[in-house]
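> quick one, structure for this:
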Amino acid sequence: MKKQEDADMSGSRRIRTDLALETTERFAEENTEIRGVEVHEEYDEEKDVRTTVVKIVTENGAKSMGRPQGTYITIEAPELSTPDEDYHREISEEISTHLRKLIDLEKEKSVLVIGLGNAAITADALGPQVVDNLLMTRHIIKEYGLRGIKHKKMHRISGIAPGVMAQTGMETAEIVQGIVSETKPDVVVAIDALAARSVRRLSRTIQITDTGIHPGSGVGNHRNGLTEENLQVKVIGIGVPTVVDAATIVHDSMAHLLDTLEETEQKEFLDEMITPNLYSMFVTPKDVDETIKYLSFTISEGLNIAFSQV
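Predicted coordinates for the structure are as follows:
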């Protein structure tokens, strides 16, 4: 699970989010202009899907955002947590479309999909479950050629769920570096569970980025990132927020009740009320097991669609 902590900036209160979109919203709330960051938003009323593309184009923008330069695509779909197969199929198509914009798939590619996270912890099992649902083709093509699957052209897809350090005793990056060195893929796609700032985005938002991903940081573990710099191959990160920290929930609930107080008084009261241990406690929806199942199929289907044709 990945988590990034935005350095907030009001006393001890900290905003925890992996979503670039939520970082831009914080700056908007403070009426602060972010130079070197471009934001473009589209809303599909028929599908009820909002897509926001955040591009960090300068080093100054990267420093302000606390994220690497690159493209961050956020798909907000309110019905993602429901078992509506038609709706999920539409989101799979959206994922496929954006992947094809970030990856040049006009020619045959070798793609390695990494399912990050702990399969034994439901809120962190998104990555492993996506890999379970993927159509793997590398071994078939290697053994029988394209005739074995009755295609003239097809991308070579392989995947692995490397687990977490507590299970393997190894950094995820070490495992992936070894696999990349041996199989030499053209691109790596890493899937992980994320942390959000807003409860309403839990299990209803998908972020796709060309900047890679940092496994383990969601629970405060700072691991080597799966990035193009570290792996020497293009890395696409796909994630869905499945947790929010308890301090954020308490803060938002109390702040609403304290609207009548001056900003300084409100800040002092909240700093006293929110104990430090709340920042290390994470909350996930009670139906997360069913939701992860739906989301894993949606994302894997998006990958299958994107990689099924050349």
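> just the buried positions in stretch 114-129, please.
Burial within stretch 114-129, assessed by neighbour count using 16 or more other C-beta atoms under 10 Å, is assigned to 114-119, 122-129. From N, CA and C alone the C-beta is placed, and that goes for glycine too.
> filter those down to the ones in strands?
Within those, residues falling in strands by DSSP state E are 114-115.
> now, the most widely separated pair of the buried residues of stretch 114-129?
Ile114 and Thr122 (19.3 Å; C-beta to C-beta).
> ok, so of the buried residues of stretch 114-129, who is nearest Arg197?
Ala123 (16.5 Å).
> hmm, who's touching the helix or strand where Lys293 lies?
Assigned by DSSP states H and E, Lys293 belongs to helix 288-307. The contact list for helix 288-307 (C-beta atoms under 8 Å, 6 or more residues apart in numbering) reads 80-83, 88-89, 91-96, 99-100, 103, 105, 109, 111, 113, 122-123, 125-126, 129-135, 155, 157, 189, 191, 203, 206, 238, 240, 242, 285.
> report the distance from it to the chain centre.
Computed by C-alpha atoms, centre = their mean, to the nearest Å, the chain-centroid distance of helix 288-307 equals 13 Å.
> send the alpha carbons of that helix over as PDB?
C-alpha atoms of helix 288-307 as PDB (Å, rounded to 0.1, in the frame of the first residue of the first chain):
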ATOM      1  CA  VAL A 288     -14.000  -3.500   1.300                       C
ATOM      2  CA  ASP A 289     -13.700  -7.300   0.500                       C
ATOM      3  CA  GLU A 290     -16.500  -7.100  -2.100                       C
ATOM      4  CA  THR A 291     -15.300  -3.800  -3.400                       C
ATOM      5  CA  ILE A 292     -11.700  -5.000  -3.900                       C
ATOM      6  CA  LYS A 293     -13.100  -7.900  -5.900                       C
ATOM      7  CA  TYR A 294     -15.100  -5.600  -8.200                       C
ATOM      8  CA  LEU A 295     -12.200  -3.200  -8.600                       C
ATOM      9  CA  SER A 296      -9.700  -5.900  -9.400                       C
ATOM     10  CA  PHE A 297     -11.800  -7.200 -12.200                       C
ATOM     11  CA  THR A 298     -12.400  -3.700 -13.500                       C
ATOM     12  CA  ILE A 299      -8.700  -2.800 -13.600                       C
ATOM     13  CA  SER A 300      -7.600  -6.200 -14.900                       C
ATOM     14  CA  GLU A 301     -10.200  -6.000 -17.700                       C
ATOM     15  CA  GLY A 302      -8.900  -2.500 -18.500                       C
ATOM     16  CA  LEU A 303      -5.400  -3.900 -18.900                       C
ATOM     17  CA  ASN A 304      -6.700  -6.900 -20.900                       C
ATOM     18  CA  ILE A 305      -8.500  -4.600 -23.300                       C
ATOM     19  CA  ALA A 306      -5.500  -2.300 -23.700                       C
ATOM     20  CA  PHE A 307      -3.100  -5.200 -24.300                       C
END
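> what segments of the stretch 51-200 of the chain are helices?
Remark: helices assigned in the stretch 51-200 of the chain by DSSP state H, counting those that start in this stretch are 59-65, 85-102, 126-132, 138-144, 165-168, 172-183.
> so where is this structure shaky, pLDDT-wise?
Under the criterion pLDDT under 70, the flagged ranges of the chain are 1-15, 146-152, 215-223, 255-256, 259-261, 263, 266-267, 279, 309-310.
> need the longest strand for it.
For the chain, the longest strand by residue count, based on DSSP E, is strand 234-245.
> show me what that one is packed up against.
The criterion is 3 or more C-beta pairs under 8 Å, 6 or more residues apart in numbering; DSSP states H and E, and the helices and strands that strand 234-245 contacts are helix 85-102, helix 126-132, strand 187-195, strand 205-209, strand 282-283, helix 288-307.
> just want the angle from it to helix 288-307.
For strand 234-245 against helix 288-307, the angle by axes from the mean of the first three to the mean of the last three C-alpha atoms, to 10 degrees is 160 degrees.
> before we move on, back to that, identify, from the buried residues of stretch 114-129, the entry nearest to Lys63.
Among those, and counting by C-beta to C-beta, the member closest to Lys63 is Leu116, at 26.1 Å.
> hmm, the closest one is touching Pro162, no?
Yes. Leu116 is within contact range of Pro162, at 7.4 Å (criterion: C-beta atoms under 8 Å).
> residues that sit against both of those two, list them.
Counting by C-beta under 8 Å, 6+ apart, the common neighbours of Leu116 and Pro162 are Thr172.
> picking that back up, in its sheet, what does the longest strand of the chain sit against?
Strand pairing for strand 234-245, using DSSP bridges, gives strand 187-195 (parallel), strand 205-209 (antiparallel), strand 282-283 (antiparallel).
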